[in-house]
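Undergrad: Provided below are the primary sequence and the corresponding predicted coordinates.
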Amino acid sequence: MTMRRICSLDELVDGAAVTFEVDKHIVAVVRIGDQVYAIGGRCSHADVALADGDVDCDTKQLSCIRHGSAFSLETGVPSTLPATQPVPVFVVEVRGDDVFVSDQPTVNPPTTSPRVKRAES
Ligand code: FES
């Protein structure tokens with residue numbers, strides 16, 4: 001795994017998400033205060049840019065703009081339907097004023113979130 005510089009910390013707006021391409025991965029990068037998070041940039045429910053959604057700084061979640069599923073910035077797991085699958089999580093390092101993101105995601109958590117229940121059929 002290699003860390004790639006994506007921008008300076010000052011370029012990230014507190015409480016907002018931005019899409020970056022890190023090698024072949026589309027990544028949504030979010031700054032909350034001095035913390036920076038990076039998760040897969042495409043919603044696991046449909047092909048929608050997660051960085052177009054809203055950031056909840058208190059719960060550390062990024063909501064999909066289309067149907068509202070909220071993804072944890074720490075685990076990638078959705079806490080609300082309709083998305084049931086996690087998105088990848090990337091390692092972030094802030095070195096001085098430079099922000100680095102891993103060129104490979106970390107291993108995803110189990111594919112079914114215990115906080116998301118499937119509708120009975
Ligand atoms: S496209 Fe993201 S929740 Fe449906």
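TA: Done, it's in.
Undergrad: quick one, what contacts the residue nearest the centre of the chain?
TA: Nearest to the mean C-alpha position of the chain, by Cα atoms, centre = their mean, lies I39 at 2.6 Å. For I39, the residues meeting the contact criterion (Cβ atoms under 8 Å, 6 or more residues apart in numbering) are 27-28, 30, 50, 62, 71-73, 76, 87-90. Every residue, glycine included, has its C-beta placed from N, CA and C.
Undergrad: pull the most distant pair out of those.
TA: V27 and S72 (15.1 Å; Cβ to Cβ).
Undergrad: before we move on, the earlier item: the helix or strand encompassing the residue nearest to the centre of the chain close to the ligand?
TA: Following DSSP states H and E, the helix or strand that holds I39 is strand 35-40. No. Looking at strand 35-40 against the ligand by Cβ under 6 Å from any ligand atom, there are no contacts, and the closest approach is 11.7 Å.
Undergrad: if we can go back for a sec, out of the contacts of I39, who's the most crowded?
TA: Per-residue neighbour counts (other Cβ atoms under 10 Å) across these peak at V27, which has 29 neighbours.
Undergrad: briefly note if whatever helix or strand that one lives in comes near the ligand.
TA: V27 is part of strand 25-32, with elements assigned from DSSP H and E. No. Under the criterion of Cβ under 6 Å from any ligand atom, the ligand is not reached by strand 25-32; the shortest gap measures 11.9 Å.
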